[in-house]
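Chemist: turn this into a model:
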Amino acid sequence: MPHPSHFPAPTRPLVIDGVSRSFGDRRVLSDISFTASPGDRLALVGENGTGKSTLLRGLGRLLKPRG
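Modeler: Predicted coordinates for the structure are as follows:
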């Protein structure tokens, strides 16, 4: 895996708008929205089972989008 400094710096903001996710009847994420500008640092904080990993998997495209 290349060192992070070898990746190009982002030039546009990351915009997340209205992300929701359910597994069966369990709603894990509900209408999550935020914008992060290049250079911003973010932290996901919450108790176990609140959707932090699910959000990151979605952002990394490890989860398939649902129409």
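Chemist: confirm residue 57 sits in a strand?
Modeler: No - Residue 57: not assigned to a strand; according to DSSP: H, G, I helix; E, B strand; the rest coil it is helix.
Chemist: and residue 58, how many neighbours?
Modeler: Here the count is done by other CB atoms under 10 Å, and residue 58 has 18 residues near it. Yep, even glycine has a C-beta here, placed from its N, CA and C like the rest.
Chemist: that one is in contact with residue 19, isn't it?
Modeler: Yes - taking CB atoms under 8 Å as the definition, residue 58 is a contact partner of residue 19 at 6.5 Å.
Chemist: overlap of the contact sets of those two?
Modeler: When contacts are counted by CB atoms under 8 Å, 6 or more residues apart in numbering, residue 58 and residue 19 are jointly contacted by residue 29.
Chemist: where does pLDDT dip in this protein?
Modeler: Low-confidence segments of the chain, defined by pLDDT under 70: 1-2, 4, 67.
Chemist: any idea where the strands of it begin and end?
Modeler: Secondary structure of the chain (DSSP state E): strands located at 14-23, 26-36.
Chemist: using a markdown table, lay out those together with distance to residue 51.
Modeler: A markdown table is the format used below for the strands of the chain (distance: least, CB to CB, whole Å):
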| stretch | distance to residue 51 |
| --- | --- |
| strand 14-23 | 7 |
| strand 26-36 | 4 |
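Chemist: could I get those as JSON lines with distance to residue 49 and mean neighbour count?
Modeler: Listed next are these as JSON lines, based on distance: least, CB to CB, whole Å; neighbours: other CB atoms under 10 Å:
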{"stretch": "strand 14-23", "distance to residue 49": "11", "mean neighbour count": "12"}
{"stretch": "strand 26-36", "distance to residue 49": "8", "mean neighbour count": "12"}
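Chemist: which one of the ones you listed lies nearest to residue 6?
Modeler: Closest approach to residue 6 among these (CB to CB): strand 14-23, 19.8 Å.
Chemist: restricting to C-alpha, output that closest one in CSV.
Modeler: Extracted C-alpha coordinates of strand 14-23, given in CSV (Å, rounded to 0.1, in the frame of the first residue of the first chain):
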residue,chain,number,x,y,z
LEU,A,14,-16.7,15.9,0.3
VAL,A,15,-20.4,16.3,0.4
ILE,A,16,-22.7,13.7,2.0
ASP,A,17,-26.4,14.4,1.6
GLY,A,18,-29.2,12.3,3.1
VAL,A,19,-27.4,9.0,3.6
SER,A,20,-29.6,6.3,5.2
ARG,A,21,-29.0,2.6,5.6
SER,A,22,-31.0,-0.3,7.1
PHE,A,23,-30.3,-3.9,7.6
